[in-house]
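Enquirer: using only what follows, build the 3D model:
(2 chains)
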Amino acid sequence: DTAVSQTPKYLVTQMGNDKSIKCEQNLGHDTMYWYKQDSKKFLKIMFSYNNKELIINETVPNRFSPKSPDKAHLNLHINSLELGDSAVYFCASSQVGRGNTEAFFGQGTRLTVV
Amino acid sequence: AQSVTQLDSQVPVFEEAPVELRCNYSSSVSVYLFWYVQYPNQGLQLLLKYLSGSTLVKGINGFEAEFNKSQTSFHLRKPSVHISDTAEYFCAVTPSNDYKLSFGAGTTVTVRA
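Expert: Coordinates of the predicted model:
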């Protein structure tokens, strides 16, 4: 059983399109995250949800909109894709409410905008 | 706010040699510290973590790290590396009562025969 799974693994799309990346965790964690890894492998947090509530919203264009239908899911929708959005996007989850634990990461979604 | 500095961007090392990856952090509150490894085209996998207690923590694959509060460091070591240890290594920190995991810029370890 995969702890944190995200789909799709690869996504190639044209500029201007709208796309979504889905993430699910089966660990029972209360907090989920989206991270962006750029071409230099730098990891930067984008969003964090705790019990379906948005906790962290870093300086991210409002073309990016996270949605958490329940504690186990955190999807990322991107409107009007731009070339600079090309990156690897990682979903993660952790348990913060009852004592902090490490974050578990998905395998990543490599987004290429052409 | 927290920040993490990984002092070495690339570390080439020969097989069976020891390796040390340096990590320094800054924070005004107590923190938890982590080392993650990313193999090519894969996600991040936890190597080890420091939450409290003994400052020497042991992780998977023979890695260990030492938390030094006075020097605000959390250096990662392995006494003898294998080819399969070739990967990107990330140091990360989070406040003990918060949600935000901040990463260093990563260290690329290349193990050669």
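Enquirer: drop to CA atoms for contacts and neighbour counts, all remaining ones
Expert: Will do.
Enquirer: with adjacent residues omitted, what lies nearest to A:Gln25?
Expert: Of all residues not flanking A:Gln25 in the chain, A:Val4 sits nearest, at 4.4 Å (CA to CA, 6 or more residues apart in numbering or on different chains).
Enquirer: what's the answer for A:Lys36, then?
Expert: A:Tyr89 (4.6 Å).
Enquirer: got the phi and psi for the one you found?
Expert: When read as degrees, to the nearest 10, the backbone of A:Tyr89 gives phi -110, psi 130.
Enquirer: can you pull the contacts of the residue nearest to A:Gln25?
Expert: A:Val4 makes contacts with A:23-27, A:91-93, A:104-107, as judged by CA atoms under 8 Å, 6 or more residues apart in numbering or on different chains.
Enquirer: for the residue nearest to A:Lys36, give me the pLDDT.
Expert: What the model reports for A:Tyr89 is a pLDDT of 97.
Enquirer: check A:Gly97 too.
Expert: 64.
Enquirer: measure the residue nearest to A:Gln25 to chain B for me?
Expert: The gap separating A:Val4 from chain B is 10 Å, by CA to the nearest CA, to the nearest Å.
Enquirer: ok, A:Ile78 next?
Expert: 21 Å.
Enquirer: quick one: that residue and A:Met15 touch, right?
Expert: No - look at A:Ile78 against A:Met15 with CA atoms under 8 Å: they stay out of range, at 11.2 Å.
Enquirer: now the helix or strand of chain A with the lowest mean pLDDT: how far from the chain's centre is it?
Expert: Every helix and strand in chain A was compared by mean pLDDT, DSSP states H and E; the lowest is strand A:53-57, with a mean of 83. Distance of strand A:53-57 from its chain centroid, counting by CA atoms, centre = their mean, to the nearest Å, is 12 Å.
Enquirer: that one pairs with which strands, parallel or anti?
Expert: If you go by DSSP bridges, strand A:53-57 pairs up with strand A:43-50 (antiparallel).
Enquirer: how about the strand it pairs with: buried residues?
Expert: Judged by neighbour count (16 or more other CA atoms under 10 Å in any protein chain shown), strand A:43-50 contains these buried residues: A:43-50.
Enquirer: just to revisit the earlier point, so which of the contacts of A:Val4 comes closest to chain B?
Expert: A:Gln107 (4.2 Å; CA to the nearest CA).
Enquirer: can you pull the contacts of that closest one?
Expert: Applying CA under 8 Å, 6+ apart, the residues near A:Gln107 are A:4-6, A:9, A:90, B:42-44.
Enquirer: surely the residue nearest to A:Lys36 touches A:Lys41?
Expert: No - using CA under 8 Å, A:Tyr89 is not in contact with A:Lys41, being 11.0 Å away.
Enquirer: neighbour-wise, which of those two wins?
Expert: Set side by side, A:Tyr89 and A:Lys41 show more neighbours around A:Tyr89, with 27 against 17, by other CA atoms under 10 Å in any protein chain shown.
Enquirer: near residue 14, how many other residues are there?
Expert: The chain I'm using is chain A. The number of residues packed near A:Gln14 is 13, by other CA under 10 Å.
Enquirer: other chain: chain B
Expert: Neighbour count for B:Phe14, taken as other CA under 10 Å: 15.
Enquirer: report pLDDT for the residue of chain B found nearest chain A.
Expert: Across chain B, the shortest distance to chain A (CA to the nearest CA) belongs to B:Gly43, at 4.2 Å. On the pLDDT scale, B:Gly43 is placed at 91.
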